[in-house]
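Participant: my questions are about this predicted structure, shown below with the sequence.
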Amino acid sequence: MQNILKYIIISILFSVALFSCKKDNEELVVPIVDMSYYPLTVGQELIYDITEINIDRAVGVNDTIKYQLKEFFESTFVDNEGDRACRIERYIKNASDTTWKVLNIWYVTKSGNTIFKTEENYRYKRLIFPIKKGRVWDGNIENTKDSEEYEITDVDINEIIGGKDYSDVLTVLQNDNENLIEKQFAIEKYVKNIGLAYKEIINISELEPQPGILWEQRINVGYIYKQTLK
C-alpha cells in the first residue's frame, strides 16, 4: 500500500513539474512581429518629389512650390530609454540645383512594437505592430498637440505610387474632417522593406460655403502638401 501511495505521489509531482516546465517554456516564446513596413537600414536613401501649395485669396497668394527631398538613414544608436533609434539626415534641392542642401535632422525610434518619429521636436506615434486593418491609436499621444486618431485602413494592397507598381502597400489615415467651410485630411502610405512612400496633408481653414462645388474650387485659405517616393 505504501509503495502504491509513493508511486501516486511521485506521479503527481512529476506531472506538476512537467506542466510548470511547459508553462515556463510557453512564456519564453516571443512571437515574431513583422516590422518590414518601416525598416531602419543604415545607408538607405529615400528620395521624394514634393509639391506644396499655399493659398490666401484675400492677399492674392496662390503659390505652388516643387522640389525634391532626400532622407538618408545615417546611423542607429540606443537612446536614453534603451530603444533602437535611427538618425535621419534630410536634404532638399530644386530642379535647377546640382547639389543637395541640408534641411534638418529627424529621428525614428522602434520602441517595443511601436514606431515613433521625432519631427521638429514633435514625437509622433506613426505605426504600431502587428499590422491589422482597422487598428486605431492616438498619433499625438507623446506630444503636446491635440489628440489625433490614426487608423490602418488598408494592408498589403496593390497600388501605383510615383509611377511604380507596389504589391504590399499599407495605408494609415491620420485625419479626415470636412464640412462646408473647412477641410483637414492627412494620410501616409508605406511599402514593405522600403518605408514611407507617400504622404499627403490638406489643411483648408476657409472654404467658400457653396454646396455642390468641389472643395478644390472653393479654397480661400489653405495649405496642401504631397510627398511621393521617386
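Facilitator: Alright, I've got the coordinates.

Participant: which of the helices or strands spans the residue lying closest to residue 57 once chain neighbours are set aside?
Facilitator: Excluding the flanking residues, the one nearest residue 57 by CB to CB, 6 or more residues apart in numbering is residue 220, at 5.0 Å. Using the backbone N, CA and C atoms, a C-beta is placed for each residue, glycine as well. Assigned by DSSP states H and E, residue 220 belongs to strand 219-229.

Participant: you'd agree residue 216 is in a helix?
Facilitator: Yes - counting by DSSP: H, G, I helix; E, B strand; the rest coil, residue 216 is part of a helix.

Participant: which strand residues bridge the nearest residue to residue 142 once chain neighbours are set aside?
Facilitator: Excluding the flanking residues, the one nearest residue 142 by CB to CB, 6+ apart is residue 123, at 4.6 Å. Beta-bridge partners of residue 123, counted by DSSP bridges, are residue 118.

Participant: also residue 222?
Facilitator: residue 55, residue 204.

Participant: that one: neighbour count?
Facilitator: The number of residues packed near residue 222 is 22, by other CB atoms under 10 Å.

Participant: how about residue 193?
Facilitator: 10.

Participant: next: the one 10 residues further on.
Facilitator: In terms of burial, residue 203 registers 15 neighbours under the definition other CB under 10 Å.

Participant: isn't it right up against residue 177?
Facilitator: No - in this structure residue 203 lies outside contact range of residue 177 using CB atoms under 8 Å: 10.1 Å.

Participant: joint contacts of those two?
Facilitator: Applying CB atoms under 8 Å, 6 or more residues apart in numbering, one finds that residue 203 and residue 177 are jointly contacted by 183, 184.

Participant: looks like residue 191 contacts residue 168 (just checking).
Facilitator: Yes - Residue 191 lies in contact with residue 168 (CB under 8 Å); the separation is 6.3 Å.

Participant: hey, which helix or strand in this structure has the poorest pLDDT?
Facilitator: helix 2-28 (a mean of 49; mean pLDDT, DSSP states H and E).

Participant: and the nearest residue in space to residue 138 that is not next to it in sequence, its phi and psi?
Facilitator: Nearest residue to residue 138, sequence neighbours excluded (CB to CB, 6+ apart): residue 147, at 5.1 Å. Residue 147 adopts backbone torsions of phi -60, psi 140, taken as degrees, to the nearest 10.

Participant: ok, longest strand in this structure?
Facilitator: strand 61-78 (DSSP state E).

Participant: buried ones in that strand?
Facilitator: Residues 68, 69, 70, 71, 72, 73 are the ones in strand 61-78 that count as buried (16 or more other CB atoms under 10 Å).

Participant: low-confidence stretches in this structure?
Facilitator: Flagging of the chain using pLDDT under 70 yields the residue ranges 1-33.

Participant: and the residue nearest the centre of it?
Facilitator: residue 126 (3.5 Å; CA atoms, centre = their mean).

Participant: you'd agree that residue is up against residue 186?
Facilitator: No - counting by CB under 8 Å, residue 186 is not a contact partner of residue 126; they are 11.7 Å apart.

Participant: separation between the closest residue to residue 83 other than its chain neighbours and residue 76?
Facilitator: Take residue 83 and drop its neighbours on the chain: the residue closest to it by CB to CB, 6+ apart is residue 111, 4.3 Å away. Plainly put, residue 111 is 13 Å away from residue 76 if you go by CB to CB, to the nearest Å.
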